[in-house]
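# How does the following fold in three dimensions:
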Amino acid sequence: MPGNSVRVFISHASQDRRIAETLCAALEARGLNCWLARRDVAPGENFQAAIVRAIRGARIMLLAFTANANHSDGIKKELALASQDKLVIIPLRMENAVPDDAFAFELATRQWVDMFEDWERGIEQIVARISALPLEEGALGSERSSERSPGLPAGARAAPQSPGGIAAKPEGKPGPQRSAGDAAPAFGGGQSPEMRARVPGTAAGVAARTGLPDRPTLMVLPFQNLSGDPEQDYFVDGVVEEIITALSRIRWLFVIARNTSFTYKGRAIDIRRVGREVGVRYVLEGSVRKSGQRVRITGQLIETGSGAHVWADRFDGLLEDVFELQDRVAASVAGVIEPALQAAETARTAARSPEDLTTYDLYLRAYAMYLSSAKQIPEALRLMEQAIARDPGYGPALAWAAICCCRLLLDDRSEDRAADSLKGADYARRALEVAGDDPGIIANAAFALAFLGEDIGAMMSLVDRALALNPNYARGWYISGTLRLYAGETEIAIAHLETSIRLSPLARTGPLFATLGAAYLFDRRFDEAVPKLRLAIQEDPNFPDAYRLLAACYAHMGRLDEAREILARLRAITPLVTPRVEHLRNVAHREVFYSGLRLAVGEAA
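Numbering: from 1, shown residues only. As a prediction, the model looks like this:
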């Protein structure tokens, strides 16, 4: 790979992709070129072949070791190939885990870097050891030489300017501290040579030229204190810190750490320049105005490339309890920003040609199709399965593919119910295997398995865990409410569904109003069920269950003419009036539904 070889290959277990991404960002922020499989395998490229080429084009392998690595055949193969190809191998202990015999033998002579005790010190050790390696002319991105060095001992410091052109810190003069969560700035070494070498004009090529990563990144700028009282700065800064913390729980979003954000405090800010400097796609800015005990907080989410506003809102409150107000504002912001970012990311990929779509792009398109209309679910599943074919360990696509299979069954659009049930369960279990602490993957996989008949209590516990990881996850509360409905706990279901609406009042998280209407129906609160079910039909006119529930509700109320009209509209979508409802564990609730449909069908006949 003349003139195009990668500098540092990062090897990690599939469950540890978040750790690897954070490591990659921290190293690229210091000028190193890293290769990461999930980011740098080109669309349509053979995954294993790309890894082999990357290792043979690298000079250094960083092995991100955790307990998961002991069970990863992929890492062991990468390590064997790197040893055979005489790469400099630096094992990184990301947690206090003991390597098994195979790793212990292979890594016995390697000098480890402990990352779990002091992350910043570990990053500096890595940079120092790599910087001290004897490199040939133009080493960053050129062919590696045949001579290799074992590297310096851990803790050794590099010269002020490394032979490879990496600016190292002079002895005794510490540079600016970066959080592990800081994204790579957009300077020359900030993207891998593989990405920079892709065809100009492709999405990946644009990302390389602008310095922006292909995954969504966001920085929360310090909010302006418009109260005229400098003593309120503590409250304003506290609001920003809580928002950063809340947004950091969104696992698919890369959020820049507070230390970097606050370097912009008190400065005149050009959003486009901030995007280039820090390498972020979105910026959240805002202001706080205080009058007596009343506070108004405004926020704007801006796309840095175009300067376009993605979202804006304001929040009013009283200063009676400062911390409670900060928590409430942070929860509200995180709840509405997540779906707004999902929509913005989907729109961003809409103009890409099919051959230029990444795994992430395919997932985004499928996600948008799923939420847009029940008719689009077969196509959404097709795209999710394309994403899985490219990356078999991509958890979000696995979980949503399982959800799509369930919806095909629920909507009576499945051509083979037994096959789709087995496929959905397989996707969901594979998703849980790679979920780690990702609340979205956990909740969606649990949702699918609960629908397919797994123990409802165990699945509710999984969703509870997801909500503990991100209490502001609107779809998580929707899923929790739905599973409570399956279990027959209508009061809790209604409370959780209403929490989802509060967190995300405008963006769709699923057929929420149909589920809420069903909860009221099963409780025989028919007057409250009707408006929710009518909203559900208005939201998605192709969702059969909303019609069935509304027809049953009207029939129980004695409004048989309206029930008959709703059934006529249902039959225009599907001939199936009375579906299977094994997912409802409460027999009495099934009977409320079925008896209402029997009344409606009898009048229609």
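
# Residue 312: what secondary structure?
Classification of residue 312 by DSSP: H, G, I helix; E, B strand; the rest coil places it in strand.

# Next up, the contacts around it.
With contacts defined as CB atoms under 8 Å, 6 or more residues apart in numbering, residue 312 is in contact with 298, 299, 300, 301. For the C-beta atoms, the positions are set from N, CA and C on the backbone; glycine is no exception.

# how near is it to residue 217?
Residue 312 sits 20 Å away from residue 217 when distances are taken as CB to CB, to the nearest Å.

# Tell me which helix or strand comes right after the helix or strand hosting residue 476, heading toward the C-terminus.
Using DSSP states H and E, the element containing residue 476 is helix 474-487. Using DSSP H and E, the helix or strand that follows helix 474-487 in sequence is helix 490-503.

# Just the buried residues of the next helix or strand after that next one, please?
Per DSSP H and E, the first helix or strand lying C-terminal to helix 490-503 is helix 512-522. Judged by neighbour count using 16 or more other CB atoms under 10 Å, the buried positions of helix 512-522 are 512, 513, 514, 515, 516, 517, 518, 519, 520, 521, 522.

# what about residue 582, neighbour count?
Using other CB atoms under 10 Å, residue 582 has 12 other residues around it.

# Doesn't it belong to a strand?
No. Per three-state DSSP, residue 582 lies outside any strand segment and is coil.

# The helix holding residue 476 - contacts with which helices or strands?
On a contact count with 3 or more CB pairs under 8 Å, 6 or more residues apart in numbering; DSSP states H and E, helix 474-487 meets helix 322-349, helix 439-451, helix 456-469, helix 490-503, helix 512-522.

# Repeat the analysis, applying 6 Å as the threshold.
helix 439-451, helix 456-469, helix 490-503, helix 512-522 (3 or more CB pairs under 6 Å, 6 or more residues apart in numbering; DSSP states H and E).

# Tell me if residue 10 really is in a strand.
Yes. Looking at residue 10 with three-state DSSP, it is inside a strand.

# Surely it and residue 61 touch.
No. When contacts are counted by CB atoms under 6 Å, residue 10 is not listed as touching residue 61 (7.9 Å).

# Now do stretch 56-71, average pLDDT.
The pLDDT scores in stretch 56-71 average 88.

# Tell me which of the contacts of residue 312 fall in strands.
298, 299, 300, 301 (DSSP state E).

# Let me see the contact set for the second one.
So the one you mean is residue 299. The contact partners of residue 299, taken as CB atoms under 6 Å, 6 or more residues apart in numbering, are 286, 333.

# Apply 8 Å and report the result again.
Contacts of residue 299 by CB under 8 Å, 6+ apart are 223, 284, 285, 286, 311, 312, 313, 314, 315, 333.

# Show me the strands in the chain, by range?
8-11, 34-35, 60-65, 88-93, 113-114, 217-220, 224-225, 254-255, 282-291, 294-303, 309-318.

# any idea how far residue 587 is from the nearest residue to residue 528 once chain neighbours are set aside?
Excluding its sequence neighbours, the residue lying closest to residue 528 (CB to CB, 6 or more residues apart in numbering) is residue 520, at 4.4 Å. As judged by CB to CB, residue 520 and residue 587 stand 19 Å apart.

# now do residue 441
32 Å.

# before we move on, what about residue 337?
The value you get for residue 337 to residue 587, if CB to CB is used, is 41 Å.

# neighbour-wise, which of those two wins?
Taking neighbours as other CB under 10 Å, residue 337 and residue 587 compare with residue 337 leading, 28 against 8.

# domains of this protein?
8-178, 217-349, 352-470 (automatic domain parsing).

# Please indicate which of those has the most neighbours on average?
domain 352-470 (a mean of 21; mean count of other CB atoms under 10 Å).

# picking up where we left off before, look at the residue nearest to residue 528 and report its pLDDT.
According to the prediction, residue 520 has pLDDT 97.

# sorry, back to before: okay, the helices and strands packed on helix 474-487 in JSON lines with distance to residue 131 next?
Output for the helices and strands packed on helix 474-487, formatted as JSON lines (distance: least, CB to CB, whole Å):
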{"stretch": "helix 439-451", "distance to residue 131": "37"}
{"stretch": "helix 456-469", "distance to residue 131": "37"}
{"stretch": "helix 490-503", "distance to residue 131": "46"}
{"stretch": "helix 512-522", "distance to residue 131": "53"}
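
# out of these, nearest to residue 268?
helix 490-503 (33.8 Å; CB to CB).

# Give me the contacts around that closest one.
Counting by CB under 8 Å, 6+ apart, 331-332, 334-336, 472-478, 480-482, 484-485, 509, 512, 515-516, 519-520, 522-523, 589 sit against helix 490-503.

# That one - what's its average pLDDT?
Averaged across helix 490-503, pLDDT comes to 90.

# and the angle from it to helix 474-487?
Angle, helix 490-503 to helix 474-487, by axes from the mean of the first three to the mean of the last three CA atoms, to 10 degrees: 170 degrees.

# what about residue 597, neighbour count?
So residue 597, with other CB under 10 Å, has 21 neighbours.

# what stretches of the stretch 151-300 of the chain score poorly on pLDDT?
Residue ranges of the stretch 151-300 of the chain with pLDDT under 70: 151-215.

# just the helices in it please.
Taking DSSP state H, counting those that start in this stretch, the helices of the stretch 151-300 of the chain run over residues 193-196, 203-210, 233-248, 258-261, 271-278.

# any chance of the ones you listed in a markdown table, with distance to residue 406 too?
Listed next are those as a markdown table, based on distance: least, CB to CB, whole Å:
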| stretch | distance to residue 406 |
| --- | --- |
| helix 193-196 | 36 |
| helix 203-210 | 31 |
| helix 233-248 | 29 |
| helix 258-261 | 40 |
| helix 271-278 | 39 |
